[in-house]
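*Asks:* Show me how the following folds:
(chains A and B)
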Amino acid sequence: MDVLILCAKTAVACLLIVAGGAKLSDPASFASTVRLFIPFRVPWPWLSAIAVAVSLGELAAGLASLTLPAITALNAVVFAIACAFVAVSAVGYAFHRGRSCRCFGALSQRKFDAAGLLRSVVIAGIAAVALPHVGAPALRLDATARVLLLAAGGLLAVAAFTAARARGTGREPEPEVVTQ
Amino acid sequence: MKIPLYLAVAQWTLLFAFGLLLIVVYRQLGRMLHKSDTAAPLGPALGSTAVSLEYSRFADDTVQYLTPGDGQPTLLAFVEPTCLSCEKLVLALGTAEHAGELSGLRVLLLTSSPKSYLKVSDAFRATRLECGRILAQATMEAYGATSTPLLVAIDRDGVVRAAGPAIQLAEVRTFSRACLLPPAAGESIPITATAPLDENDLEAATQAAGATEEGIVR
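*Replies:* The predicted structure follows:
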């Protein structure tokens, strides 16, 4: 049972790291999605700041959950984030169906649809599996192990960032003009 | 030395995560290579005749029918209110229109989004240019509007003279010249690059285009 709980915990942590890293590669694009959920006018710099904050929040939560397994409060935080995913997916499905969710930046072309909502529920379910307490001996890590886990998590974030950046289209070429 | 259970599980999970990421990247690389071989270019073919289109005009919620080649040069902008680059293009078009650089042109902002989406963008709310929603997906496909922003310059005879992405005022000028002044054979219209509109300029440019805190100035 402990193995299952720890698998769920590390899987959701890795998912948050990948999602945060990928979103950070193109905050402007993610800001477009953030804009859909804000019912009033917000300047673009603010939207970009919110998008970066959300991405960094996911990344930080993922890294913290991965490297500090003994802090059980982090499990509740991760579960709350997963519930927020469900809420966002539900609202997106209700009001912005078919729009790109940019949940993993440019890494994914997922949209707000029923499948996306189901995925969010599954993620929340996995996060719920990670909630129960695990015996302290299984979570005992020394400083070296923590640093190595942090480095591996950071590397995962950088890999996701680079992959999403490479996938992004960037600026299109200058317009071409036909002549007669 | 006994490894803690968590460390063993975390190592394997991280390994799987890296593996999955690698698969995703390879899969997308394959798609990109396939697309680069088969994808149609952005915008309609230069020199082709622009197709007619139907759109729902946001100003009065009426269906309009546009027939390029009716004697009036036309500048079509395919834009989305939720896209930052599109907002910059709308502001650039507004600036050009305000300066009278689009006189003699029929300028039309076309989007696939419903009218309710306009409220999220100051630039779209403030623009005095005609704006409408494309009614048929086939129209987007006919114009090759696979991504936004896309500007299409059509001359008075309905021939596509320029097509491609545009954001800056200089690019808008290039496209408007392509509509109005068809060059002689063998010549081309030079494209001059200028500094792009900065995100911080959006508010000032929007106000210059006619928006205030109270509403839109008409």
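
*Asks:* contacting residues around the residue nearest to B:Leu169 when sequence neighbours are not counted?
*Replies:* Nearest residue to B:Leu169 in three dimensions, chain neighbours excluded: B:Ala92, at 4.5 Å (C-beta to C-beta, 6 or more residues apart in numbering or on different chains). All C-beta atoms are positioned from the backbone trio N, CA, C, and that covers glycine. Counting by C-beta atoms under 8 Å, 6 or more residues apart in numbering or on different chains, B:Ala92 makes contact with B:Ala166, B:Ile167, B:Gln168, B:Leu169, B:Glu171, B:Val172, B:Leu197.

*Asks:* Let me have the residues you listed in a markdown table, adding pLDDT and secondary structure as columns.
*Replies:* Shown next, in a markdown table, are the contacts of B:Ala92 (pLDDT from 0 to 100; DSSP: H, G, I helix; E, B strand; the rest coil):
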| residue | pLDDT | secondary structure |
| --- | --- | --- |
| B:Ala166 | 87 | coil |
| B:Ile167 | 87 | coil |
| B:Gln168 | 88 | coil |
| B:Leu169 | 89 | helix |
| B:Glu171 | 90 | helix |
| B:Val172 | 90 | helix |
| B:Leu197 | 43 | coil |
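
*Asks:* any chance of the residues you listed in JSON lines, plus neighbour count?
*Replies:* Shown next, in JSON lines, are the contacts of B:Ala92 (neighbours: other C-beta atoms under 10 Å in any protein chain shown):
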{"residue": "B:Ala166", "neighbour count": "28"}
{"residue": "B:Ile167", "neighbour count": "21"}
{"residue": "B:Gln168", "neighbour count": "19"}
{"residue": "B:Leu169", "neighbour count": "23"}
{"residue": "B:Glu171", "neighbour count": "24"}
{"residue": "B:Val172", "neighbour count": "27"}
{"residue": "B:Leu197", "neighbour count": "20"}
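
*Asks:* For A:Ser25, state which of the residues you listed is nearest.
*Replies:* Proximity of those to A:Ser25 (C-beta to C-beta) peaks at B:Ile167, which lies at 20.3 Å.

*Asks:* what's the closest non-adjacent residue to the closest one?
*Replies:* B:Lys88 (4.8 Å).

*Asks:* Would you mind confirming that that neighbour is in contact with B:Pro165?
*Replies:* No - taking C-beta atoms under 8 Å as the definition, B:Lys88 is not a contact partner of B:Pro165, at 11.1 Å.

*Asks:* For the residue nearest to B:Ile167, give me the pLDDT.
*Replies:* pLDDT, B:Lys88: 88.

*Asks:* and the residue nearest to B:Leu169, what helix or strand is that in?
*Replies:* Element membership for B:Ala92 (DSSP states H and E) is helix B:84-98.

*Asks:* How about that helix, which residues are buried there?
*Replies:* Using 16 or more other C-beta atoms under 10 Å in any protein chain shown as the burial criterion, the residues of helix B:84-98 that qualify are B:84-97.

*Asks:* which ones are touching A:Leu63?
*Replies:* A:Ala13, A:Ile17, A:Leu150, A:Gly153, A:Gly154, A:Ala157.

*Asks:* same for the lengthiest helix in chain B, what does it pack against?
*Replies:* Across chain B, the longest stretch assigned as helix under DSSP state H is helix B:5-38. Here helix B:5-38 touches helix A:2-24, helix A:136-139, helix A:143-167, going by 3 or more C-beta pairs under 8 Å, 6 or more residues apart in numbering or on different chains; DSSP states H and E.

*Asks:* Can you give the domain ranges for chain B?
*Replies:* Here the domain parsing of chain B from automatic domain parsing is B:1-39, B:53-208.

*Asks:* between those, which gets nearest to A:Gly92?
*Replies:* domain B:53-208 (12.6 Å).

*Asks:* And the helices in chain B?
*Replies:* Using DSSP H, helices in chain B cover B:5-38, B:84-98, B:122-126, B:137-142, B:169-180, B:201-208.

*Asks:* worst average pLDDT in the ones you listed?
*Replies:* helix B:201-208 (a mean of 47).

*Asks:* next one: phi and psi at the residue nearest the centre of chain B?
*Replies:* Relative to the mean C-alpha position of chain B, the nearest C-alpha, by C-alpha atoms, centre = their mean, is the one of B:Pro149, at 1.3 Å. The phi and psi values for B:Pro149, taken as degrees, to the nearest 10, are phi -80, psi 150.

*Asks:* Hmm, it is touching B:Cys83, no?
*Replies:* Yes - the criterion here is C-beta under 8 Å, and B:Pro149 meets it with B:Cys83 at 6.9 Å.

*Asks:* what sits in contact with each of the two?
*Replies:* With contacts taken as C-beta under 8 Å, 6+ apart, B:Pro149 and B:Cys83 have no neighbour in common.

*Asks:* quick one, what contacts B:Leu93?
*Replies:* B:Leu75, B:Ala77, B:Leu102, B:Val107, B:Leu109, B:Thr127, B:Leu129, B:Val172.

*Asks:* now, among the residues you listed, which is nearest to chain A?
*Replies:* B:Val172 (9.8 Å; C-beta to the nearest C-beta).

*Asks:* From B:Thr13, how far out is the residue most central in space within chain A?
*Replies:* Closest residue to the average C-alpha location of chain A: A:Ala19 at 3.0 Å, with C-alpha atoms, centre = their mean. For A:Ala19, the distance to B:Thr13 equals 15 Å [C-beta to C-beta, to the nearest Å].

*Asks:* Thanks again, I'm all set now.
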